[in-house]
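**Q** What follows is a protein structure lacking sequence information:
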C-alpha cells in the first residue's frame, strides 16, 4: 500500500509540474482608484501592478528570513518561452546548460541516424547520383537546420541576435574538423616515416615528431584543394568591409550567395562523375570481410584468444604450421590461396585472387611476396584487435573471447550483403538489401525529423544560457554545437585512422575535407539566404577571418603534402585556441563587431 501511495504521489507531482498555466482572479492594472468607479469594479486594495509570470514558482532561498518586497519595476522571475508550447525552458544558467546537453544529445542522435542511413543507402545503391548529390547534403543537414532556425526567430532584432548562434556553429564546425579532429587523426593513425613516406602498420618510433606520421594519396590532396576553393564566397561577402565601404553590402551578400550555390551544385556534380570517395568506402567494406572470413575459419580450427580476449600467440603459431604444408617457415601465395578456398568465400562471391592480394598486403611487411611466422602472428593479432574494436563499437559492450570472432564475422557479412553487387546468382540475399533499403530510408527520415524538431529549442537554450551567463552566444555555439552535430563523423574518422594504413588515412582526411567543403558552401548558402531575406546586417568580419585562416593553412598543408609528420598536429591543435582568442580580441578589444 505504501508503494502505491508513493507512486500516486509521484504521478500527481509530475502532473502538477507538467500542467499548463491557469488563472485565478484578475489583478487589474488600473492606475488610479477613481478608475474603479468608472469601470464598475470594486477594488480589493491591489492595483497598479506590472504584468507577472502566469506560472506559480518558488522564490529563490536566501539567507534572510524575509525577502524584500517586489517593486512595480521588478519581476519575481525572468520569463522564458516554451518551444511548441510544451518543451521545458528555464532562465537559469545551470538549467539552460542541462537543456543544451539534452537537446545536443538529441541532435547527435539525429546526426548518427543520418550518417548511418546514408552509408547503408550508399552500399545498396552504389556511387552515383545518390552518393554524389543526396548523401553529401544529408551529412550537413543538422548544421543547416540549426542555422535556419537561428535566423527565423522573431523580429529582425531578435534574428540579428540569434543568428550569432548559426555563425558560431558554422565557424566552430569548420575549425573543429580541421584542427582538433585533423590533429587527433594524425596522432592515432601515425606510423614510421621512411624515405619521406609512412610505412603501413609499422609503428616503432613512438612520438617522434619527424620520423612518425601519416601518408595519404594524391586524391586526398585534390579534396584539400576543393576545400580551399570553397572559401571564395567568404571572400566575396567581405569585400565591402575590406574596402571600408558601407555601400554594396547587400549586393555582396547576394553575389556571395549565388557563388556558394553554384559551387554546391558543381561539387555535387563532381561527386557524381568522380565517385572515388564512395568507391573507396565500398572497397574497404570488402577488405574487412576478408579479415572476418579468415578469423571465422580459424575459430573453427582452434581457440586463438585468451580468456581476457587477447591474441594467443602460441595457438596462432600452431595455426601457421598447419597452413605451412611444405614446412619452409613461409606461407606462399599458393598456400594462402588454399586457405582462402577453405574459408568458403563463395557465399559472398569474393574473388580469390583479390582476397590473396589483400592478405599479402596486410601481412607481408617485408615485401618479399610471402609471409613468415612473425608476420603471420603480428597480422593475425592486429586483425583480432581490429575485430574486437569493431564489435565493441557496434554493440557498446565487449563480447566474450569465444564469441568475438563470430560476432565480427556476422557483422561484416551483413555489411557486405548491403553492397548489392554480389552477382546474379546470389538470389538468397535478394530480400535483405530490400529490407535494408527500407531501414536506411527509415533512419534518414527519423534523423531528419529529430533534427528538425529539436534544432529550434537547442538554439533557444544556447541564447538563454548566453543571457544568463553574459557569455556571447557565438562562443557557446562555437564550442558546444559542433560536438553535437559532428561527433558521429569524428568517431568514424578516428576509427578509420587507427588502422594505420595509407588507404584508410586517405579516406579519413578526404572525409574531413569533404565535410568542411559542405560547411563552406551548403551551410554558408543557408546562412547567406537568411541574411538576405531577413535583411540582416552582415557583421561577421572576425568570424569569417578565422574560417579563412584555418581553411587556408590546413588547405595548403593538404594540397601540397601527402606525408604529415607528427609535428604537423601541433599546428592544427594550436589553431583552435588561436581562433577563439582572435575572435574575442577583434570583436571585444578592437570593436570589429
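**A** Received, thanks. Bear in mind that the values here come from a model prediction, so they are computed numbers and not experimental data. Residues are numbered from 1 along each chain as shown.

**Q** Do you have the strands of the stretch 101-250 of the chain handy? List them.
**A** Counting by DSSP state E, counting those that start in this stretch, the stretch 101-250 of the chain has strands at residues 191-194, 197-198, 212-215.

**Q** What pairs with the last one, parallel or antiparallel?
**A** If you go by DSSP bridges, strand 212-215 pairs up with strand 191-194 (antiparallel), strand 563-565 (antiparallel).

**Q** helices or strands up against the helix or strand where residue 550 lies?
**A** With elements taken from DSSP states H and E, the one containing residue 550 is helix 541-560. When contacts are defined as 3 or more CB pairs under 8 Å, 6 or more residues apart in numbering; DSSP states H and E, helix 541-560 sits against helix 156-176, helix 218-229, helix 232-237, helix 502-518, helix 568-588. Backbone N, C-alpha and C define where each C-beta goes, glycine included.

**Q** if you set the cut-off to 6 Å instead, what comes out?
**A** helix 156-176, helix 218-229, helix 232-237, helix 568-588 (3 or more CB pairs under 6 Å, 6 or more residues apart in numbering; DSSP states H and E).

**Q** Now do it and helix 502-518, the angle between them.
**A** 150 degrees (axes from the mean of the first three to the mean of the last three CA atoms, to 10 degrees).

**Q** Next, the buried residues of helix 541-560.
**A** 541-547, 550-551, 554-555, 557-559 (16 or more other CB atoms under 10 Å).

**Q** least trustworthy helix or strand in the protein by mean pLDDT?
**A** helix 2-18 (a mean of 45; mean pLDDT, DSSP states H and E).

**Q** could you point out where the stretch 1-150 of the chain is predicted with low confidence?
**A** 1-79, 122-123, 125-133 (pLDDT under 70).

**Q** and the longest helix for this protein?
**A** Identified as the longest helix of the chain according to DSSP state H is helix 431-469.

**Q** next SSE after that helix?
**A** Heading C-terminal from helix 431-469, the first helix or strand you meet, by DSSP H and E, is helix 473-497.

**Q** list the buried ones in that following helix?
**A** 473-478, 480-490, 492-497.

**Q** Contacts only, for residue 463.
**A** 162, 473 (CB atoms under 6 Å, 6 or more residues apart in numbering).

**Q** now it: how far from residue 153?
**A** 9 Å (CB to CB, to the nearest Å).

**Q** Now for the two: what residues contact both?
**A** What both residue 463 and residue 153 touch, as defined by CB under 6 Å, 6+ apart, is the set residue 162.

**Q** What residues sit buried inside the longest helix of the chain?
**A** Those would be 433, 436-437, 439-440, 443-444, 447-448, 450-451, 453-468, for helix 431-469 by 16+ other CB under 10 Å.

**Q** likewise stretch 142-149?
**A** 142, 143, 144, 145, 146, 147, 148, 149.

**Q** contacts for stretch 174-187?
**A** Contact with stretch 174-187 is made by 214, 482, 490, 493, 497, 508, 512, 515-516, 519, 547, 550, 554, 564, 569, 572-573, 575-576, 579, as judged by CB under 6 Å, 6+ apart.

**Q** Apply 7 Å and report the result again.
**A** Contact partners of stretch 174-187, identified using CB atoms under 7 Å, 6 or more residues apart in numbering, comprise 213-214, 482, 486, 490, 493-494, 497, 508-509, 512, 515-516, 519-520, 546-547, 550-551, 554, 564, 566, 568-569, 572-573, 575-576, 579.

**Q** what's near enough to touch the closest residue in space to residue 583 that isn't next to it in sequence?
**A** Distances taken as CB to CB, 6 or more residues apart in numbering place residue 542 nearest to residue 583, at 4.8 Å, with adjacent residues excluded. By CB under 7 Å, 6+ apart, the contact set of residue 542 is 582, 583, 586, 587, 592, 593.

**Q** Pull the residues that contact stretch 134-145.
**A** Residues contacting stretch 134-145 (CB under 7 Å, 6+ apart): 107, 110-111, 114-115, 118, 121-122, 169, 173, 268, 271, 444, 448, 451-452, 455, 485, 515, 518-519, 522-523, 526.

**Q** Between the two ends of it, how far is it?
**A** 16 Å (CA to CA, to the nearest Å).

**Q** For the stretch 401-550 of the chain, give me the ranges with low pLDDT.
**A** Per-residue confidence for the stretch 401-550 of the chain (pLDDT under 70) gives these ranges: 401-433.
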